[in-house]
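K.L.:
can't give you the sequence, but here's the structure:
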């Protein structure tokens, strides 16, 4: 089977990326190659030689972009994390919390393979640190009671997501959104009203 880079370039025809686009393509090839190889073997049994051969990029390109194979997975996770974080700052969800939950569960389902690989690789983000952005870095807590209420909400939602994932994402996205909106929607809407302008979400689980 041809390598990932050749496959992508064949699809794109004569177009040849340069600069930042080329760097993005290199990362895409390495990520797809790792996903492919991890379907057969755990990450510790995959060599860098195998990875670059499957990806179609050079060993030098690999080390220019990543310090390790695990860093590739973390980069893939960070992309998902940032998308989640952006939704917490997006005030369009203030009056439509159901849509926020729907988009959250849809994003998790869409990235199921990456999350499963994180679990398989036993990386920290998949072992107790949680899938959600840190709510307390976005939502304003006026006192200790509010601070712990936010922490409790984040923990409860995380527990629901963990169980859904453990059960193989059996329930439909819409059903999970409706469930969480009924359980937490009013509280989430109130939290959305506390978001200060220009708030930022801290990263979690960086290598």
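P.N.:
Sure thing, it's come through. Values in this document were obtained by computation on a predicted structure and should not be read as measured data.
K.L.:
the helices in the protein, which residues?
P.N.:
4-12, 20-38, 48-55, 59-65, 69-89, 97-110, 112-120, 144-166, 173-192 (DSSP state H).
K.L.:
mind giving me the packing neighbours of the second one?
P.N.:
Secondary-structure packing of helix 20-38 (3 or more Cβ pairs under 8 Å, 6 or more residues apart in numbering; DSSP states H and E): helix 4-12, helix 48-55, helix 59-65, helix 69-89, helix 112-120. For the C-beta atoms, the positions are set from N, CA and C on the backbone; glycine is no exception.
K.L.:
which outside residues touch the worst-scoring helix or strand of the chain on mean pLDDT?
P.N.:
Lowest by mean pLDDT, DSSP states H and E among the helices and strands of the chain is helix 4-12, with a mean of 81. Contact with helix 4-12 is made by 2, 16, 25, 28, 29, 32, 33, 36, 54, 55, 56, 57, as judged by Cβ atoms under 8 Å, 6 or more residues apart in numbering.
K.L.:
ok, back up a step: ok, which of the helices and strands packed on helix 20-38 comes nearest residue 151?
P.N.:
Nearest to residue 151 among the helices and strands packed on helix 20-38 is helix 69-89; the distance by Cβ to Cβ comes to 14.9 Å.
K.L.:
residue nearest the centroid of the protein?
P.N.:
The chain has residue 80 as the residue nearest its centroid, 2.4 Å off, counting by Cα atoms, centre = their mean.
K.L.:
so what's that one closest to, chain neighbours aside?
P.N.:
In this structure, residue 80 finds its nearest non-sequential neighbour in residue 111, 4.9 Å apart by Cβ to Cβ, 6 or more residues apart in numbering.
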